[in-house]
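**Student:** next one to model:
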Amino acid sequence: MSTDVTGFVVQLNGRTATAADLAPLAFAGYAHFTALQVRGGRVRGLDLHLERLRTASVELFGQALPDDRVRSWLRSALESGPADLSLTATVFSPAGEFTRGGGEGAPELLVRTRPPASGPEGPLALAPVAHERILPAVKHVGEVAKTYFLRRAVAEGFDDAVFVDRRGRLSEGTIWNLAFWDGEAVVWPEAAVLGGTTMGIVRRQLDHLGVPQRDQEITLEALPGLAGAVVMNSWTPGVAVHRIGSVPLPAAPSFVELLHRAYRAEPLTSP
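**Tutor:** You can find the predicted model right below:
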């Protein structure tokens, strides 16, 4: 698992991961992670990624790695690779899963780097499916439902799936946050969702730009009253959505550009 010819790595706690390190994790599902894009050796929203790892670790393991240690291990992975890449940082407990917990050792950090990504071109058609994630505020691993619903949506002629909760509210996509446009303000779905780091970046930069924002319950029936929709994640701050189920949505290119402009306003920083 050492660095290959492209410079991408898999590291455990700042050192090259071995097969023996990775074998216990091959089928493990009790862990959480954050995913980010690195450009020129720097990232946007580093504080949001660190906060995500910290709060999720406390939720799952009752303790968290110090931020300075996490940053050191992120730097180790970045120093071994190209300036532009995708990075996934996964936190897990050495106690493993299917254990009662308590008295666990400090969490460990597995970092994997891969080629950079920017997401699909769009516009996308999303299939609404009834689903609510367990621990929605935690970006945890082992979510078979996401891939299952994605593949089922594609088989039905859609590009991806979007989740609808038991109250009929649109919440999030398989690996995406949702955002809508009413012609004047950005509308964020009010539901139990994972607060994405890109979503956090865009929200605070929209505030700086003076763009109105609000949280609102969005149902399928409410879609015809909206002027645009996008999905966003660590790949991109906005890919246009032109249809959810049978409901068409306007292209709203100015809305997509606004989100990209807000994202670009976030400074790049080094871990």
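**Student:** for this protein, which spans come out with low pLDDT?
**Tutor:** 1-6, 101-104 (pLDDT under 70).
**Student:** you'd agree Phe149 is in a helix?
**Tutor:** Yes - under DSSP: H, G, I helix; E, B strand; the rest coil, Phe149 falls within a helix.
**Student:** nearest residue to it other than its sequence neighbours?
**Tutor:** Leaving aside its sequence neighbours, Phe149 sits nearest to Ala161 (CB to CB, 6 or more residues apart in numbering; 4.1 Å). C-beta coordinates here come from the backbone N, C-alpha and C atoms, glycine included.
**Student:** quick check: that neighbour touching Ile175?
**Tutor:** No - Ala161 is not in contact with Ile175 according to CB atoms under 8 Å; the separation is 10.0 Å.
**Student:** re the thing from before, who does the residue nearest to Phe149 bridge with?
**Tutor:** Ala127 (DSSP bridges).
**Student:** related to what we said a few turns ago, the more surrounded of Ala161 and Ile175?
**Tutor:** Remark: of Ala161 and Ile175, Ala161 carries more neighbours, 24 against 19, as counted by other CB atoms under 10 Å.
**Student:** dump the residue contacts of Glu132.
**Tutor:** Each residue near Glu132 by CB atoms under 8 Å, 6 or more residues apart in numbering is listed here: 163, 165-166, 171, 192.
**Student:** gap between Leu150 and Arg133?
**Tutor:** 14 Å (CB to CB, to the nearest Å).
**Student:** over to Gly14?
**Tutor:** 31 Å.
**Student:** same check on Ala19?
**Tutor:** For Ala19 relative to Arg133 (CB to CB), the value is 32 Å.
**Student:** neighbour-wise, which of the two wins?
**Tutor:** Arg133 (20 against 8).
**Student:** next up, the contacts around the more buried one.
**Tutor:** 143, 145, 163, 172, 192, 194 are the contacts of Arg133 under CB under 8 Å, 6+ apart.
**Student:** that one and Glu143, how far apart?
**Tutor:** Relative to Glu143, Arg133 is positioned 7 Å away (criterion: CB to CB).
**Student:** if we can go back for a sec, which residues touch the residue nearest to Phe149?
**Tutor:** By CB under 8 Å, 6+ apart, the neighbours of Ala161 are 126-129, 149-150, 152-153, 173-174.
**Student:** show the buried residues in those.
**Tutor:** 126-129, 149-150, 153, 173-174 (16 or more other CB atoms under 10 Å).
**Student:** for Ala35, which non-adjacent residue is spatially closest?
**Tutor:** That would be Ser234: by CB to CB, 6+ apart, it lies 4.5 Å from Ala35.
**Student:** same deal with Glu59?
**Tutor:** Val138 (5.8 Å).
**Student:** thought the one you found was touching Phe61?
**Tutor:** No - with contact defined as CB under 8 Å, Val138 does not reach Phe61; the gap is 11.2 Å.
**Student:** out of those two, which sits in the more crowded spot?
**Tutor:** More crowded of Val138 and Phe61, by other CB under 10 Å: Phe61, with 21 against 17.
**Student:** pretty sure that one is touching Glu97, no?
**Tutor:** No - if you go by CB under 8 Å, Phe61 and Glu97 don't touch, sitting 11.3 Å apart.
**Student:** the domain parsing of the protein - what is it?
**Tutor:** 10-114, 124-269 (automatic domain parsing).
**Student:** mind checking the end-to-end distance for the last one?
**Tutor:** The straight-line separation of the ends of domain 124-269 (CA to CA, to the nearest Å) is 31 Å.
**Student:** and for the shortest one?
**Tutor:** This stretch, domain 10-114, spans 9 Å end to end (CA to CA).
**Student:** so how far is that domain off the chain centroid?
**Tutor:** In terms of CA atoms, centre = their mean, to the nearest Å, the centre of domain 10-114 is found 14 Å from the chain centre.
**Student:** same deal with the longest one?
**Tutor:** Taking CA atoms, centre = their mean, one finds domain 124-269 lying 11 Å from the centre of the chain it belongs to.
**Student:** and Gly238, how many residues sit next to it?
**Tutor:** Gly238 has 25 nearby residues by other CB under 10 Å.
**Student:** mind listing residues that contact stretch 93-106?
**Tutor:** With CB under 8 Å, 6+ apart, stretch 93-106 has contacts from 24, 28-31, 60-63, 65, 107-108.
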